[in-house]
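> Sequence and predicted model, in that order:
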Amino acid sequence: MSIFTESSGQVLACPRCDTLAYAPRVKEGQKVLCHCCGSKIMAFKKNSIERTLALTVAGLIVALPAIFMPIIGVGFVGFYHQASLFDSILELFDRGYLLIALAVFLFTAAIPLIKLSGAFYLTWSIKRKRPKPALMKFFRSYHHLDSWAMLHVFVLGVVVSMYKLVDIADLSIGYGFTAFVFLQLCSTLVTVTLDHHYIWHYLERHVDE
Amino acid sequence: MSRTARSSGLSICPRCHKLNPAVSGRHRCSRCHAYFYQRKPRSIEYTIAWTIAALVMFIPANMLPIMVVTTLGETEASTILEGIAKFITLGMYPVAVIVFIASFIVPLAKILGLVILVMGVRGGEGLKSKQRTRLYFLVEFLGPWSMLDVFVVTLMAAVVKLGFLTSIEAGTGITYFTLMVIFTMFAAESFDPRLLWDNKYRIPNRNE
């Protein structure tokens, strides 16, 4: 992973304020900040590909239980009912809130899953040294996935719901919640470990179109 | 004065951040082959449009009930603010504060922030470009957090189904609320922070 030391002398531009800067020699774990506006221009991440690969595998394992297993359940004098994320989306759909059902499905299930499987495929292909041109097309839109995945907000939503319910009824926490917290952790850590700059350099060198 | 990509006849690809030689109009990135412009076209117009749309949605989102609770045949609909008031009467202050910030303060702050940014592109008095860029960061970061109440209602409506005893349904307000959040996120995404630095008030860098 010596791309950055080789490419020193290369010019970078800050995507936030357009200021030009020469790429400094950076070591693993260091990042380059814009001297004008202070935004992060790039970060050289440690073992980015391996770490991302491991995290995406972990995330994909917990994804299905997170979506389909009950998150919380409530009981009250003999009645008991529990619901998973999938049940919640179906409930909205049944009630005719199609737009909300679609939004919740996209933000908490579809987009995080596409993000994780995409990052998995990307890092796997780079690890196996078989990058395909399609990867470039996918990675072009990857940053949009990052800003529309809302797992962290959903986790806080579950906590707030628990607070609301704990007074009304007997509350039980399902396996789905544990799985969901892990899924959220994996998804956030993937954002932290994925080195966009490195991947673009790699794809540029190894993909022939 | 620090040199920008634009003043050097260069243009940065928004997808892969590669510097490309600039031509007027549409470019094709030499690395990722995506089409792009040197600046997002009509960025200010789109940002204003989405912000106004979000502001309009803010009204029904707060007037209409977002949650309908039925307890032993009695139906009680509550709006966002009524829900928060209930938390306060129950003495759950931390949750009240979190929900109030996430679903009331944050959307308003985002809309206000976007207005300040749009005005900031014209340059002049007020915040410095660097502070405005920070503000943009903040608006972008806050983006998804206002979905909190929508997720809470979604989950509550699915889980609280205890026969005739008590049941919860989503109210019409959440449609407008979700649209408002999505519109503010679109507004933030349409905004091009580099416009804040393009004007002639660009502050020279001291280190140079």
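It's in.

> so who does the nearest residue to A:Lys45 once chain neighbours are set aside touch?
Nearest residue to A:Lys45 in three dimensions, chain neighbours excluded: A:Asp195, at 4.2 Å (C-beta to C-beta, 6 or more residues apart in numbering or on different chains). For the C-beta atoms, the positions are set from N, CA and C on the backbone; glycine is no exception. The contact partners of A:Asp195, taken as C-beta atoms under 8 Å, 6 or more residues apart in numbering or on different chains, are A:43-45, A:48-49.

> Only whichever of those are buried, select them in PyMOL.
Selecting only the buried entries of the contacts of A:Asp195 in PyMOL, with 16 or more other C-beta atoms under 10 Å in any protein chain shown as the criterion:
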select buried, chain A and resi 43+44+45+48+49
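
> Tabulate the contacts of A:Asp195 (a markdown table), appending pLDDT and secondary structure.
A markdown table is the format used below for the contacts of A:Asp195 (pLDDT from 0 to 100; DSSP: H, G, I helix; E, B strand; the rest coil):
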| residue | pLDDT | secondary structure |
| --- | --- | --- |
| A:Ala43 | 85 | strand |
| A:Phe44 | 87 | coil |
| A:Lys45 | 88 | coil |
| A:Ser48 | 90 | helix |
| A:Ile49 | 92 | helix |
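
> Return the closest of the contacts of A:Asp195 with respect to chain B.
Ranked by distance to chain B (C-beta to the nearest C-beta), the contacts of A:Asp195 are led by A:Ala43 at 12.2 Å.

> ok, now how distant is the closest one from B:Gly25?
For A:Ala43, the distance to B:Gly25 (C-beta to C-beta, to the nearest Å) stands at 32 Å.

> cool, and B:Asp198?
Relative to B:Gly25, and taking C-beta to C-beta, B:Asp198 is found at 17 Å.

> how close does the closest residue to chain A within chain B get to B:Val95?
Chain B approaches chain A most closely through B:Phe151 (3.2 Å), counting by C-beta to the nearest C-beta. Relative to B:Val95, B:Phe151 is positioned 14 Å away (C-beta to C-beta).

> again with A:Ile67
Distance, A:Ile67 to B:Val95, using C-beta to C-beta: 25 Å.

> dump the residue contacts of the most centrally placed residue in chain A.
For chain A, A:Ser187 is the residue whose C-alpha lies nearest the centre (C-alpha atoms, centre = their mean; 3.6 Å). A:Ser187 is in contact with A:59, A:112, A:115-116, A:149, A:151, counting by C-beta under 8 Å, 6+ apart.

> again, only using 6 Å
Shown in contact with A:Ser187 (C-beta atoms under 6 Å, 6 or more residues apart in numbering or on different chains): A:59, A:112, A:151.

> residues contacting the residue of chain A found nearest chain B?
Residue nearest to chain B within chain A (C-beta to the nearest C-beta): A:Gly157, separated by 3.2 Å. Each residue near A:Gly157 by C-beta under 6 Å, 6+ apart is listed here: B:148, B:151-152.

> and if we set it to 7 Å?
B:148, B:151-152, B:155 (C-beta atoms under 7 Å, 6 or more residues apart in numbering or on different chains).
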